[in-house]
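1. just coords:
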């Protein structure tokens, strides 16, 4: 069965500093990987996705993620965070072997200090 | 182009009552997914539906929960005889076709059972 681990429950970062959120997955076939962001009381917004090809993918809001098959990781990065990036971030895995359903990690809550 | 719509956004029910949650997918999307987010947890898959068909209900509790996506109208998630443990945020997502794993989420319905 597939699973996703986000080791960091909370991360605090200063505005303007870089941010990296970790995501490790377990999946028995070719994974499709996603990062979503959830602001308080809101739904999930898709930041970026990886299906195949270039392992470094660019998303919205200046985010990027790198797929590393050897490490079963799909870490999310942003070079310089803005106060509006304070939110909860979820990594998810899906694919043909799982039908169409997504399996989510537990989330990482990001706090941005002024 | 309207996104995924869910209503109500907030729902309060007393123990033993029924809860009905509605989801209208994005225009042109014929696949609907329901996920549940318990407090301080990630999202868990519940059910995947196409028009008039349940494709995968492996995440649905065996009792009291049901889902449908009729030929006309929104998808409905029904919870009968609610209990306090049903208090959660319920998210609906939609996609355009099977094999496209990019899912777009609605704002969620926050169910509180008193």
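-> Thanks, I have it. Just so we're clear, the structure is a prediction, and the values are computed from it rather than from any experiment.

2. contact residues of chain A facing chain B?
-> A:4, A:32, A:34, A:36, A:41-46, A:49, A:51, A:90, A:92, A:94-96, A:99-107 (C-beta under 8 Å from any C-beta of the partner chain). For the C-beta atoms, the positions are set from N, CA and C on the backbone; glycine is no exception.

3. now a PyMOL select for only the buried ones of the residues you listed.
-> Selection command for PyMOL covering only the buried members of these, criterion 16 or more other C-beta atoms under 10 Å in any protein chain shown:
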select buried, chain A and resi 4+32+34+36+43+44+45+46+49+51+90+92+94+95+100+101+102+103+104+105+106+107
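
4. so which of the residues of chain A next to chain B are in helices?
-> Among the residues of chain A next to chain B, no member falls in helices (DSSP state H).

5. inside strands: which ones of the residues of chain A next to chain B?
-> A:4, A:32, A:34, A:36, A:44-46, A:49, A:90, A:92, A:94, A:103-104 (DSSP state E).

6. in a markdown table: those, plus distance to residue B:18 and pLDDT.
-> As requested, these are arranged in a markdown table below (distance: C-beta to C-beta, whole Å; pLDDT from 0 to 100):
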| residue | distance to residue B:18 | pLDDT |
| --- | --- | --- |
| A:4 | 33 | 95 |
| A:32 | 36 | 91 |
| A:34 | 33 | 95 |
| A:36 | 30 | 96 |
| A:44 | 27 | 91 |
| A:45 | 31 | 94 |
| A:46 | 32 | 93 |
| A:49 | 37 | 93 |
| A:90 | 30 | 96 |
| A:92 | 30 | 95 |
| A:94 | 31 | 87 |
| A:103 | 29 | 93 |
| A:104 | 27 | 94 |
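
7. from the residues you listed, which is closest to residue B:81?
-> residue A:104 (27.5 Å; C-beta to C-beta).

8. contact partners for that closest one?
-> A:4, A:36, A:90, A:91, A:92, B:35, B:42, B:43, B:44 (C-beta atoms under 8 Å, 6 or more residues apart in numbering or on different chains).

9. give me that answer again for 6 Å
-> A:90, A:92, B:42, B:43 (C-beta atoms under 6 Å, 6 or more residues apart in numbering or on different chains).

10. what's the closest residue to residue A:76 other than its chain neighbours sitting at in phi/psi?
-> Spatial nearest neighbour of residue A:76, excluding adjacent residues (C-beta to C-beta, 6 or more residues apart in numbering or on different chains): residue A:21 at 4.4 Å. Dihedral pair for residue A:21: phi -110, psi 130, per degrees, to the nearest 10.

11. where does residue A:21 land on pLDDT?
-> Per-residue pLDDT puts residue A:21 at 98.

12. was I right about it contacting residue A:89?
-> Yes: Residue A:21 lies in contact with residue A:89 (C-beta atoms under 6 Å); the separation is 5.4 Å.

13. give the residues shared as contacts by the two.
-> residue A:108.

14. what distance do you get for residue B:29 to residue B:51?
-> 11 Å (C-beta to C-beta, to the nearest Å).

15. not counting sequence-adjacent ones, nearest residue to the residue nearest the centre of chain B?
-> Nearest residue to the geometric centre of chain B (C-alpha atoms, centre = their mean): residue B:34, 3.7 Å. Nearest in space to residue B:34, with sequence neighbours left out and distances taken as C-beta to C-beta, 6+ apart, is residue B:46 at 4.4 Å.
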